[in-house]
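[1] Sharing a sequence plus its predicted fold:
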Amino acid sequence: MRQKIVAGNWKMHKNAEETEDLLNDLIDKLPSDAEVHIIVAPTFVNLASAVEHLEFTNINVAAQNMHQAEGGAFTGEISADMLKSVGVSTVILGHSERRAYFHESNSLLKSKVDTALKHELVVIFCFGEELKDRQSGNHFNLVENQLKDSLFHLAEKDWANIILAYEPVWAIGTGETASPEQAQEMHEFIRNTIDSKFGKNVSENVAILYGGSVKPDNAREIFSKPDVDGGLIGGAALKADDFATIVSAAI
Ligand code: 13P
């Protein structure tokens, strides 16, 4: 049985004080049993304090990005070793905002995934189609290529540290959610794609999260689909009550 996972991607929100306030609220409100794996991803500058703050809780801390190099003259960038050194366990890679605004390609993401795994970080690998791809019927093809180009070189053992996050770009921050049926259809396709390359041992165990306008009132129905193993939450992760309701919907 795959464990349900709910992760909050805070994007470029919350300064130091606001981060602490939200973490305190989450500690109060989130369920403390181990049935669901909870992850939060504050901004880089607040990662170290978040790790300290959450030390005795069941909430894990993720970074939202990472550079592929071990280190060097890359002004403004953060390495895998730096994340590990402050206790970060997980990194989000390939978010559609990184792909669109920072031109991150499938092949660049392949190197980022390799570096993250080398440093024993868990990777939440994001991918998904734009509206034009869905309208032209190219969405399955595009998603398949995103997976092939960035993840098909991995060894079976690497998959123990990979979480997939399908985020249709047209549903992110728009209030427009994929219907539970659309999410299930794509998640099943993703699992079959992984199965055809890596076999059941990988495909049945990899968690596939859905992201894109998940809210307290739609989470339970989306999470109830057999191939949806939880969610990657944006806007609703910034309010403790909403995030707690979404986490409870995964139990
Ligand atoms: P929203 O939940 O705000 O649509 O964002 C989803 C997302 O991009 C999470 O990574």
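    Received it, and whenever you're ready, just let me know what you need. Numbering: from 1, shown residues only.

[2] would you list every one of the helices in this protein?
    Assigned by DSSP state H, the chain shows helices spanning 16-29, 47-53, 80-85, 96-101, 106-118, 131-135, 139-151, 180-198, 200-203, 219-223, 240-249.

[3] quick check, stretch 215-224 touching the ligand?
    No - on the criterion C-beta under 6 Å from any ligand atom, stretch 215-224 is out of touch with the ligand, staying 7.7 Å away. For glycine as for every other residue, the C-beta is placed from the backbone atoms N, C-alpha and C.

[4] Where among the helices of the chain is average confidence lowest?
    Ranked by mean pLDDT, the helices of the chain end with helix 131-135 at the bottom, a mean of 93.

[5] residues contacting I246?
    For I246, the contact set (C-beta atoms under 8 Å, 6 or more residues apart in numbering) comprises 6, 214-216, 219, 231, 233, 236-237.

[6] If you drop the residues flanking it in sequence, what lies closest to it?
    In space, and not counting its chain neighbours, I246 is closest to A219: 4.4 Å by C-beta to C-beta, 6 or more residues apart in numbering.

[7] Hmm, A244 and the one you found touching each other?
    No - judged on C-beta atoms under 8 Å, A219 makes no contact with A244 at a distance of 11.0 Å.

[8] More neighbours: the two, which one.
    More crowded of A219 and A244, by other C-beta atoms under 10 Å: A219, with 25 against 19.

[9] For A69, grab the count of nearby residues.
    14.

[10] can you tell me how far it sits from H37?
    Using C-beta to C-beta, to the nearest Å, one gets 29 Å for the distance from A69 to H37.

[11] Kindly report the same for Y101.
    29 Å.

[12] Please identify which of those two sits among more neighbours.
    Counted by other C-beta under 10 Å, Y101 and H37 do not tie: H37 has more neighbours, with 21 against 9.

[13] quick one: contacts for that one?
    3-6, 60, 230.
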